[in-house]
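> One predicted model, sequence on top.
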There are 2 protein chains.
Amino acid sequence: MTRSSGSVFAVQDGRSAFLDACRGQDVDHVPVWFMRQAGRSLPEYRAARGTGSILDALKSPELAAELTMQPVRRYGVDAAILFSDIIVPVAAVGFGVDVEAGRGPVVARPFRSAADLQRLRPLDPSADAPYVAETVGLAVRELQGTGVPLIGFAGAPFTVASYLVEGGPSRSYAATKTLMRSDPGLWRELLDRLADLAITSLRSQVMAGASAVQLFDSWAGALSPGDYAERVLPATRRVFEGISDLEVPRIHFGVGTGELLGLMAAAGAEVVGVDWRVPLDEARRRVGPGHALQGNLDPALCLAPWQVVAGEVMEVLARGGGVGHVFNLGHGVLPQTDPEILKRIVDLVHAADPAELCSSEAIV
Amino acid sequence: MTRSSGSVFAVQDGRSAFLDACRGQDVDHVPVWFMRQAGRSLPEYRAARGTGSILDALKSPELAAELTMQPVRRYGVDAAILFSDIIVPVAAVGFGVDVEAGRGPVVARPFRSAADLQRLRPLDPSADAPYVAETVGLAVRELQGTGVPLIGFAGAPFTVASYLVEGGPSRSYAATKTLMRSDPGLWRELLDRLADLAITSLRSQVMAGASAVQLFDSWAGALSPGDYAERVLPATRRVFEGISDLEVPRIHFGVGTGELLGLMAAAGAEVVGVDWRVPLDEARRRVGPGHALQGNLDPALCLAPWQVVAGEVMEVLARGGGVGHVFNLGHGVLPQTDPEILKRIVDLVHAADPAELCSSEAIV
């Protein structure tokens, strides 16, 4: 393995360790970013954000770009991620969805029948949600010269569908699974429409300057492998195929997806996100060759004393093996997380030598 | 393989298919019961139960025994399970915990420091919660002659601890994991006390007539394998060892435990419960020989049309392989479930020939 000399900085020689790691290429340090790195854990976020609805905040590109940039400045992470929400596209086409603080997306009139498909017309990014591309543009301009790329994102068809059908967050996904199994034709149509919304949204984000994308299928882990393979994977694959010509790294993430990792890898993304339940060396076996991994420190462990956190970070790095690994949490930053701990994690990850991690993999 | 001639009845020749299956012995039909088979899905439950707190309802042995019996009468399941709650022992020693309808256990003063250990004194079943053994006695008396055994149960140390530490249901278990990793000594003491409470409670239920026990570690799936193995498994193993002399089958169940199945099997139970995320043939590989499996139909699929349900039931039976399999859902019955569907599931499971399932296992 050839690699450039060690460095603890995110960017060297104009190359992005994040983009290189996504493509399985050699890196001089393991790149790191955090899901929900922008958000309530940051005092500067709470100060800038105010108390209004997140959907209103997103309509101010200046504010959304500022929130996007805050964690980049504070932590020195290897990637920014657009400050947005997975329900923006469905909200923008007028489905009728809001985000309740502390609860999540809520839908006044949940998706119930074929008539509701009319509430999911195609997205026209420049007319329906011009603020998204504007935010991307502002953030990318501010990132220029830093070498830090911006990640765009969308919700995967299943996870967005679960909010539309349940009317809000759920533990059992009973209404979603009932629709899926009682009206398979309508279910496929719903997922195809949501796939198209995701494609359109992701394409516009990349056109505006995003260098990578992540598809959040956060709740796919609620499904059995059989249901996932037959009733969800086709629409997800369609999303990844619909952006394959853009040649940006694509990340595919969900929580509790241990049994689905092989199937998720087959959906087409370059990178598979893994939560903390599956050690990365085992995840690599399930995902198979040709994919990078992203993860997987338990976000709850960020609340433990630093010595505990540091030990866990080193364990994740060792199991990640140094190459084809983007360090991240296994799910989003918890609001009560001390930003200082995240900063120390970034520094610790950057200080590790990928070549040593690579050779240590076998003895974990 | 030798077995008696086929029968669709739960009991034959005074033998219990449920107890035989737990022990991996041949059965003339695959036994079936449902977690939360007693509860809100039954109209006769809603009629008998009224609207008061469940903890008050449990203090009436006549009512609790009646609620225990209702699903046995209606469904013809192969086992009754005591109508109770996993927080009864901690409530009975005065920790200060209640159950909110639609939310679950809530704790006014969560467990925070060593001083809170004093709120977890040993349980004296006959003085602190005499109604539990009385309910067991009444139910066992009513079950006499039917050959249907009664399952007693307790909450596993981790899952009960999560309620005491979080103060209620949680998605991240952040406070619990923080205590676990910031004060390992206190964590071990807490889990050992909860293990002792579970042992005392389970022993008294068996002494009163329960023929099997289930330990619910419902939320253990939130843990990484490393955390589980080092910080939870020892206390759980202690529970199973503490009742091993009673020689009743012991069932060990949690949700989302795909990565933990091997470790959970090592805790000592004869039977490992599996949710719907891991197909039973794969679960059997992870659990290893010498254990029976319990599961694992997705409870949400019980809301689908009967043809869908029937297909899924047959799939679970095929993957279960007929021997060493107790049919169940992968988690509790959802309140909106039609009891008629559960009745048809019982009949379908009983009609299957274990010998044919056994020979079909290889071709699933």
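Everything's here; your move. Remember, predicted model here, so these are calculated numbers, not experimental data.
> Could you list which residues are in contact with the nearest residue to A:L223 once chain neighbours are set aside?
Among residues not flanking A:L223 along the chain, A:V232 sits closest, at 6.4 Å (CB to CB, 6 or more residues apart in numbering or on different chains). No exception for glycine: its C-beta is placed from N, CA and C like everyone else's. A:V232 sits next to A:P157, A:F158, A:L191, A:D217, A:A220, A:L223 when contact means CB atoms under 8 Å, 6 or more residues apart in numbering or on different chains.
> Quick check: the fourth one touching A:F158?
Yes. Checked against CB atoms under 8 Å, the pair A:D217 and A:F158 is within contact range at 5.7 Å.
> sec struct for the residue nearest to the spatial centre of chain A, please.
Nearest residue to the geometric centre of chain A (CA atoms, centre = their mean): A:Q214, 4.4 Å. Secondary structure assignment for A:Q214 (DSSP: H, G, I helix; E, B strand; the rest coil): strand.
> if we can go back for a sec, so which of the contacts of A:V232 comes closest to chain B?
Nearest to chain B among those is A:L223, at 7.8 Å by CB to the nearest CB.
> Can you name the residues of the stretch 251-364 of chain A that neighbour chain B?
For the stretch 251-364 of chain A, the residues in contact with chain B (CB under 8 Å from any CB of the partner chain) are A:256, A:258-259, A:276-279, A:282, A:298-301, A:303-305, A:308, A:315, A:334, A:336.
> just to revisit the earlier point, pLDDT value on the residue nearest to the centre of chain A, please?
Looking at A:Q214, its pLDDT reads 98.
> tell me which element the closest residue to it other than its chain neighbours falls in.
Leaving aside its chain neighbours, A:Q214 sits nearest to A:I251 (4.0 Å; criterion: CB to CB, 6+ apart). Element membership for A:I251 (DSSP states H and E) is strand A:250-253.
> what is the mean pLDDT for that strand?
98.
> neighbouring contacts of it?
With CB under 8 Å, 6+ apart as the test, strand A:250-253 has contacts from A:22, A:35, A:151, A:156, A:212-218, A:236, A:240, A:243-244, A:264-265, A:267-273, A:294, A:326.
> Take the residues you listed and keep only those in helices.
The helices, defined by DSSP state H, take in A:C22, A:T236, A:F240, A:M264, A:A265 from the contacts of strand A:250-253.
> of the residues you listed, closest to chain B?
Chain B has its nearest neighbour among the ones in helices among the contacts of strand A:250-253 in A:M264, at 13.6 Å by CB to the nearest CB.
> and the closest one, how far is that from A:G295?
As judged by CB to CB, to the nearest Å, A:M264 and A:G295 stand 13 Å apart.
> A:V32 too?
The value you get for A:V32 to A:G295, if CB to CB is used, is 11 Å.
> what do those two both touch?
Taking CB under 8 Å, 6+ apart as the criterion, A:V32 and A:G295 both touch A:V326, A:F327, A:N328.
> State the number of residues packed around the last one.
By that I understand A:N328. 30 (other CB atoms under 10 Å in any protein chain shown).
> beta partners for it?
With DSSP bridges applied, A:N328 shows beta-bridge pairing to A:N296.
> That one touches A:W33, doesn't it?
Yes. With contact defined as CB under 8 Å, A:N328 reaches A:W33; the gap is 6.1 Å.
> Residues contacting the strand or helix carrying A:M314, please?
According to DSSP H and E, A:M314 maps onto helix A:306-320. Residues outside helix A:306-320 that contact it (CB under 8 Å, 6+ apart): A:30, A:279-281, A:293, A:295-298, A:301-302, A:325, A:327, A:341, A:344-345, A:348-349, A:352, A:357, A:360-361, A:364, B:181-182, B:226.
> The same query, at a cut-off of 7 Å, please.
Helix A:306-320 has contacts (CB atoms under 7 Å, 6 or more residues apart in numbering or on different chains) with A:30, A:279-281, A:293, A:296-297, A:301-302, A:327, A:341, A:344-345, A:348-349, A:352, A:357, A:360-361, A:364, B:181.
> Quick check: closest non-adjacent residue to the residue in the stretch 1-150 of chain A that chain B sits nearest to.
Going by CB to the nearest CB, chain B is nearest to A:G104 of the stretch 1-150 of chain A, at 10.4 Å. Closest residue in space to A:G104, ignoring its immediate chain neighbours: A:P169 at 4.7 Å, by CB to CB, 6+ apart.
> Where do the strands of the stretch 1-150 of chain A begin and end?
Secondary structure of the stretch 1-150 of chain A (DSSP state E, counting those that start in this stretch): strands at A:11-12, A:15-16, A:80-81, A:97-100, A:104-107, A:150-155.
> Out of the ones you listed, which gets nearest to B:A195?
Ranking these by their distance to B:A195 (criterion: CB to CB) puts strand A:104-107 first, at 35.6 Å.
> and that closest one, average pLDDT?
What strand A:104-107 shows for mean pLDDT is 95.
> if we can go back for a sec, and the residue nearest to A:L223, what pLDDT?
For A:V232, the model assigns a pLDDT of 98.
> Could you check how far A:Y45 is from B:Y173?
For A:Y45, the distance to B:Y173 equals 24 Å [CB to CB].
> try A:V136
35 Å.
> neighbour count winner among the two?
Set side by side, A:V136 and B:Y173 show more neighbours around A:V136, with 25 against 21, by other CB under 10 Å.
> The more buried one: what's it in contact with?
Counting by CB under 7 Å, 6+ apart, A:V136 has contacts A:L82, A:L150, A:G152, A:Q205, A:A208, A:G209, A:A210.
> count of residues packed around the residue nearest to A:G104?
The burial count for A:P169: 15, using other CB under 10 Å.
> Just want to check the distance between it and B:R171.
A:P169 is 9 Å from B:R171, by CB to CB.
> now swap in A:K343 and tell me
25 Å.
> For those two, indicate the residue with more neighbours.
Neighbour totals were compared for A:K343 and B:R171, and A:K343 leads with 15 against 12 (other CB under 10 Å).
> The more buried one belongs to a helix, doesn't it?
Yes. The assignment for A:K343, made by three-state DSSP, places it in a helix.
> Now that it has come up, it's in contact with A:Y75, right?
Yes. Contact criterion CB atoms under 7 Å: A:K343 and A:Y75 qualify, at 5.4 Å.
> So A:A175 lies in a helix, does it not?
Yes. Checked against three-state DSSP, A:A175 lies within a helix.
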